[in-house]
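Asker: Quick one, what's the 3D model for this:
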Amino acid sequence: MTTPDLFDAAPAGPDTKRVQELHRLLHHHAHRYYVLDAPEIPDAEYDRLFRELQALEAAHPELVTPDSPTQRVGGRPLEQFASVRHAVPMLSIRTETDTEASGAENFDARVRRELALGEGDPPVEYAAEPKFDGLAINLRYEHGVLVLAATRGDGEVGEDVTQNIRTIGQVPLRIEGQVPPVLEVRGEVYLRRDDFEALNEKQRAKGEKTFVNPRNAAAGAVRQLDPAIAAQRPLSFFAYGLGEVTPGIVRYTSHFEWLQALKAWGFPVCEHVTTARGAAELVAYHRRIGALRDSLPYDIDGVVYKVNRLDLQERLGFVTREPRWAVAHKYPAQEMLTTVQAIEVQVGRTGKLTPVAKLAPVFVGGVTVTNATLHNEDEARRKDVRVGDTVIVRRAGDVIPEVVAVLPEKRQPGAEVFTMPHTCPVCGSAAVREEGEADYRCTGGLFCSAQRKQALLHFAQRRAMDIEGLGDKLVDQLVDNEVVKVLPDLYRLGLTALASLERMAEKSAMNVLEALEKSKRTTLPRFLFGLGIRHVGEATAKDLARHFGQLDAIMDASVDTLLQVPDVGPVVAESIHTFFAQPHNREVVEQLRACGVHWPEGAPSPAAQQPLAGKTFVLTGTLPTLGRDEAKALLEAAGAKVAGSVSKKTDYVVAGEEAGSKLDKARELGVPVLDEAAMRALLDA
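Answerer: Purely as a prediction, here's the structure:
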């Protein structure tokens with residue numbers, strides 16, 4: 001039957017016609033935006049049409065209808081929800097707990113047995129769909145207009161949450177076309193993962209409690225007594241079934257056909273809904289959706305199989321409160337309860353200190369989990385995780401397991417609040433938390449064994465000491481076999497020790513030793529950068545070397561003295577001072593010097609004495625005789641700063657062959673452009 005016009009009782013006129021047109025336009029564009037994710041007009045144009053409708057309805061209250069787009073968010077807060085008895089019970093379906101292939105095979109065998117099908121009979125066709133982890137809802141449409149939305153409740157009686165469901169943009173307020181007089185659409189209200197993260201971020205910013213998972217947040221929004229609050233949570237909806245339907249008006253023979261009809265009427269239907277013939281295709285579907293599970297934008301906890309033909313569903317019927325023709329085939333749970341046995345602090349390769357909860361073993365996300373990250377002190381405090389607590393642990397795919405919530409009602413008396421240590425648990429160096437940072441870090445960089453591999457690789461890289469052949473695999477062996485414990489041990493390596501390592505022939509070992517010997521002659525900026533001082537990159541190392549001239553002057557400098565270096569701010573100055581205040585870091589430097597590592601040192605070079613001090617250059621294209629690094633070194637030696645992009649603050653652009661967008665930008669801004677010869681002339685001058 002065709003949907004009736006709710007304006008039949010209203011007086012005809014231009015305002016009535018315009019309101020009708022605005023209804024049509026706004027419903028159309030809302031469907032394009034919320035369901036198809038393919039908007040046709042800008043948000044501002046939609047808002048303009050919406051405001052026009054609001055103004056017309058304010059002037060003519062008799063034109064306000066239940067399906068008006070303005071009624072999505074409206075109504076006063078409720079004191080309580082009214083009870084709703086479902087015309088067709090919202091029954092639960094049987095759960096197949098065997099998460100392997102046999103779960104699908106068992107269901108298919110049971111269906112075939114109950115339908116009395118033999119080996120020679122064709123396979124049963126099923127509708128297969130993801131099992132969404134949200135809140136089940138029944139939407140009742142009468143003559144195409146949404147009149148009631150109710151929760152599942154106990155299956156027989158639910159709660160009237162119509163006002164809150166109206167706030168969901170994906171739920172049609174009115175269905176156009178040939179629809180049954182009564183149509184109940186069943187589906188899942190859920191929160192997308194990105195919307196859930198954004199919601200929690202807002203909660204944190206306001207200093208309010210965050211939500212444990214998307215399902216809890218969605219359920220809480222649906223059951224808000226104030227629809228204005230519900231509207232602030234970005235809920236989504238998928239249709240997956242039917243309740244009461246007036247018979248005979250629309251005829252379909254399968255569940256899948258009904259889903260396509262719902263889709264045509266404007267309801268969002270999951271793109272992963274399909275049909276499958278027989279057990280083998282059900283198994284393949286379960287595996288395919290399982291592989292996609294972690295990349296889906298919403299949470300699922302399994303898939304659902306339904307006998308597709310409606311006449312076969314009738315033949316199979318029900319057992320107690322479950323249909324024989326459907327089953328939920330679960331995946332391993334991604335959240336489980338366990339207890340915290342201890343909280344330990346681990347030190348990462350870069351010195352970051354991470355609190356880790358040691359858990360009573362629990363099977364979650366397909367593996368047995370015994371550790372879960374607490375991320376940092378702020379997160380541990382916010383979640384208030386304590387030893388002995390009962391906690392919810394989550395693990396999805398390859399994501400590191402984490403504690404998502406504590407059950408405070410199960411906390412033992414006297415449980416102590418967790419505090420981060422102020423010394424490194426590995427080497428005993430000071431652990432500091434810089435202003436604006438979330439993490440504590442060990443300051444024992446060159447000395448701390450937890451950071452040994454990272455320190456060696458950083459020290460050996462091309463822009464630091466340039467030790468060719470000292471890569472990941474060799475460093476792993478040197479550290480794992482305890483051949484190298486601190487940086488100076490590199491220069492104490494002998495041919496026998498190196499050649500005895502796996503995949504290290506004598507020739508390769510000799511090459512590494514030669515590279516080590518060659519690296520002993522370096523520059524002060526390279527050596528400073530190679531030490532791996534936090535916040536000290538290549539540019540800062542060069543600034544320090546230019547300003548002080550000698551390493552000892554840098555090591556002995558106070559924070560105030562370091563702040564006199566161009567581009568060195570309070571955070572960097574504090575980091576440098578803290579590094580050299582550690583006795584073991586100074587000891588490593590002295591041992592490296594004793595091993596023969598050296599560089600030219602001289603008097604400080606005040607910026608005022610440098611010819612290009614305060615000038616900013618940008619290099620682009622290929623120069624005739626100089627490599628990019630060589631040109632950069634020449635400019636920086638003269639006091640210039642070499643930037644990566646052109647701006648109004650750029651003084652010169654040095655351009656070679658095949659110069660690209662940077663040259664165009666320079667011309668656009670009127671920045672002087674030099675070739676290599678002009679740059680050399682400027683340096684000579």
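Asker: quick one, strands of the stretch 201-350 of the chain?
Answerer: Per DSSP state E, counting those that start in this stretch, the stretch 201-350 of the chain carries strands over the ranges 236-245, 274-277, 300-307, 318-319, 322-323, 326-330, 335-347.
Asker: For the ones you listed, give me TSV that also has mean neighbour count, mean pLDDT and distance to residue 255.
Answerer: In short, each C-beta sits where N, CA and C put it, glycine included. What follows is these, written out as TSV (neighbours: other CB atoms under 10 Å; pLDDT from 0 to 100; distance: least, CB to CB, whole Å):
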stretch	mean neighbour count	mean pLDDT	distance to residue 255
strand 236-245	21	96	8
strand 274-277	16	97	9
strand 300-307	24	94	5
strand 318-319	11	84	16
strand 322-323	16	88	11
strand 326-330	23	92	9
strand 335-347	17	91	30
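Asker: how about residue 578, what does it touch?
Answerer: Applying CB atoms under 8 Å, 6 or more residues apart in numbering, we find residue 578 in contact with 430, 432, 443.
Asker: swap in residue 188?
Answerer: 132, 134, 135, 136, 137, 237, 238, 240.
Asker: that older thread, nearest to residue 300, of the contacts of residue 578?
Answerer: Closest approach between the contacts of residue 578 and residue 300, by CB to CB: residue 432, at 43.0 Å.
Asker: that older thread, kindly reformat the contacts of residue 188 as CSV and extend each row with distance to residue 273.
Answerer: Below are the contacts of residue 188 laid out as CSV (distance: CB to CB, whole Å):
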residue, distance to residue 273
132, 11
134, 16
135, 19
136, 16
137, 17
237, 14
238, 9
240, 8
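Asker: Do a quick rundown of the strands in the stretch 51-200 of the chain.
Answerer: Counting by DSSP E, counting those that start in this stretch, the strands of the stretch 51-200 of the chain are 83-85, 94-96, 125-132, 135-142, 145-151, 157-159, 182-190.
Asker: Among the ones you listed, which comes closest to residue 272?
Answerer: It is, among the strands of the stretch 51-200 of the chain and with distance given as CB to CB, strand 125-132, at 5.4 Å.
Asker: hmm, who's touching that closest one?
Answerer: Residues contacting strand 125-132 (CB under 8 Å, 6+ apart): 108, 188, 190, 238, 240, 254-256, 259, 270, 272-277, 281-282, 285, 289, 296, 298-309, 328-330.
Asker: Tell me who's in contact with the residue nearest to residue 656 when sequence neighbours are not counted.
Answerer: Spatial nearest neighbour of residue 656, excluding adjacent residues (CB to CB, 6 or more residues apart in numbering): residue 621 at 3.5 Å. With contacts defined as CB under 8 Å, 6+ apart, the neighbours of residue 621 are 655, 656, 657, 658, 659, 660, 663.
Asker: who wins for most neighbours among those residues?
Answerer: Greatest neighbour count in the contacts of residue 621, by other CB atoms under 10 Å, goes to residue 655: 24 neighbours.
Asker: Quick check: bridge partners of that residue?
Answerer: residue 620 (DSSP bridges).
Asker: Verify the stated contact: it with residue 675.
Answerer: Yes: taking CB atoms under 8 Å as the definition, residue 655 is a contact partner of residue 675 at 6.6 Å.
Asker: Wasn't residue 357 part of a helix?
Answerer: No: secondary structure assignment places residue 357 outside any helix; it is strand (DSSP: H, G, I helix; E, B strand; the rest coil).
Asker: Tell me the pLDDT of it.
Answerer: Predicted confidence (pLDDT) at residue 357: the value is 93.
Asker: And for residue 248?
Answerer: 81.
Asker: Check the spacing between the closest residue to residue 432 other than its chain neighbours and residue 590 real quick.
Answerer: Excluding its sequence neighbours, the residue lying closest to residue 432 (CB to CB, 6+ apart) is residue 443, at 6.0 Å. Using CB to CB, to the nearest Å, one gets 18 Å for the distance from residue 443 to residue 590.
Asker: Those two - which one has more neighbours?
Answerer: A count of neighbours by other CB under 10 Å puts residue 443 above the other of residue 443 and residue 590, at 24 against 12.
Asker: Can you name the residues that contact that one?
Answerer: 351, 424, 429, 430, 431, 432, 578, 579, 582, 585.
Asker: how about 6 Å then?
Answerer: Residues near residue 443 by CB atoms under 6 Å, 6 or more residues apart in numbering: 429, 430, 432, 578, 582.
Asker: quick one: which of those residues is nearest to residue 169?
Answerer: When the contacts of residue 443 are ranked by distance to residue 169 (CB to CB), residue 432 comes first, at 47.7 Å.
Asker: Can you name the residues bridging to that closest one?
Answerer: residue 441.
Asker: What is the burial count for it?
Answerer: 18.
Asker: Now flag whichever of the contacts of residue 578 is closest to residue 550.
Answerer: Closest to residue 550, out of all of the contacts of residue 578 and judged by CB to CB, is residue 443, at 23.0 Å.
Asker: Model confidence at the closest one, what's the number?
Answerer: So, for residue 443, pLDDT stands at 86.
Asker: and the gap between it and residue 583?
Answerer: 11 Å.
Asker: Residue 48 too?
Answerer: 69 Å.
Asker: Check residue 542 too.
Answerer: 27 Å.
Asker: Which one of those two is surrounded by more residues?
Answerer: Legend: neighbour count by other CB under 10 Å for residue 542 and residue 583, higher for residue 542 (22 against 10).
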